[in-house]
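Engineer: Structural data only, the sequence is not supplied:
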């Protein structure tokens, strides 16, 4: 039973355009959400996070939106760059972000020059 | 600063053999996590420690898997006996629990192939 779902295994966009990666969750106890980026042969690295008390968090080209009623979050990358090509994992925690993270299966983003 | 260090990076072994994966967390971090990545199941949490004490091992697949953290700077994940279905990338991650940010710092992973 997957509590965090990323239904699109892959996404391809043109350089300069917007990339939108989606994530759905089922556990209403989740109160902290994170996105990680992973390049081949490397471990995942933290990208951006959002607490359930907010509905938006921005960091440069990256913005995460949270819709609690729909149990949905999305990551927007604007403008997309070829270096953004990686696998993006959505993760959630039920303890204010202090401990156990549950990850989705990931979405492979390819940004074409 | 050194990140999380895992060894070996690659391990190829035969079914039935014992496998030991090692992890050195970031100095000063007090939580350590072992994750497994497969195509089918994505990133699964196997076990995590806080201040060297196992807190939640509900993700450990079966008794063939065991993990230890004898001190704050070292952890092992052991599989005995190994089976082909254990083939995966195993990640170790550490964090500073008090930070409350949920940010985990991952190692580069150990790719295990069981023939």
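Structural biologist: Right, received. Where do you want to start? From a predicted model like this one, the values you see are computed outputs, not experimental measurements. Residues are numbered from 1 along each chain as shown, chains lettered A, B, ... in the order given.

Engineer: Now find how far off-centre the lowest-mean-pLDDT helix or strand in chain A is within its chain.
Structural biologist: The helix or strand of chain A with the lowest confidence, counting by mean pLDDT, DSSP states H and E, is strand A:102-103 at a mean of 92. Centroid separation between strand A:102-103 and its chain, computed with C-alpha atoms, centre = their mean, to the nearest Å, is 11 Å.

Engineer: If the closest residue to residue B:29 other than its chain neighbours is in a bridge, with which residues?
Structural biologist: Leaving aside its sequence neighbours, residue B:29 sits nearest to residue B:94 (C-beta to C-beta, 6 or more residues apart in numbering or on different chains; 3.9 Å). Quick note: C-beta positions are derived from backbone N, CA and C, even for glycine. Following DSSP bridges, residue B:94 is listed with bridge partners residue B:32, residue B:105.

Engineer: pretty sure residue B:94 contacts residue B:28?
Structural biologist: No. Using C-beta atoms under 8 Å, residue B:94 is not in contact with residue B:28, being 9.1 Å away.

Engineer: Who has more neighbours out of these two?
Structural biologist: Neighbour count, other C-beta atoms under 10 Å in any protein chain shown: between residue B:94 and residue B:28, residue B:94 has more, with 26 against 9.

Engineer: if I pick that one, what's in contact with it?
Structural biologist: Counting by C-beta atoms under 8 Å, 6 or more residues apart in numbering or on different chains, residue B:94 touches B:4, B:25-26, B:29, B:31-33, B:104-105.

Engineer: Run through the chain and note the low-pLDDT ranges.
Structural biologist: No chain in the question, so chain A it is. A:1, A:95-99 (pLDDT under 70).

Engineer: Wait, chain B was what I had in mind.
Structural biologist: Ranges of chain B meeting pLDDT under 70: B:1, B:97-101.

Engineer: do that again at 80, thanks
Structural biologist: For chain B, the stretches flagged by pLDDT under 80 are B:1, B:97-102.

Engineer: Enumerate the residues of it near chain A.
Structural biologist: Contact residues (C-beta under 8 Å from any C-beta of the partner chain) of chain B with chain A: B:4, B:31, B:33, B:35, B:41-45, B:48, B:50, B:55-56, B:91, B:93, B:97-109.

Engineer: which among these end up buried?
Structural biologist: Buried residues within the residues of chain B next to chain A, counting neighbours by 16 or more other C-beta atoms under 10 Å in any protein chain shown: B:4, B:31, B:33, B:35, B:42-45, B:48, B:50, B:55, B:91, B:93, B:100-109.

Engineer: Please report how far the nearest residue to residue A:103 once chain neighbours are set aside lies from residue B:73.
Structural biologist: Nearest non-adjacent residue to residue A:103, counting by C-beta to C-beta, 6+ apart: residue B:43, 3.9 Å away. Shown here: residue B:43 relative to residue B:73, a distance of 24 Å by C-beta to C-beta, to the nearest Å.

Engineer: Could you do residue B:88 as well?
Structural biologist: Note on residue B:88: its distance to residue B:73, by C-beta to C-beta, is 25 Å.

Engineer: Please say which of these two ends up with more neighbours.
Structural biologist: Comparing residue B:88 with residue B:73 by other C-beta under 10 Å, the one with more neighbours is residue B:88, at 20 against 15.

Engineer: Three-state assignment for residue A:83, please.
Structural biologist: Classification of residue A:83 by DSSP: H, G, I helix; E, B strand; the rest coil places it in helix.
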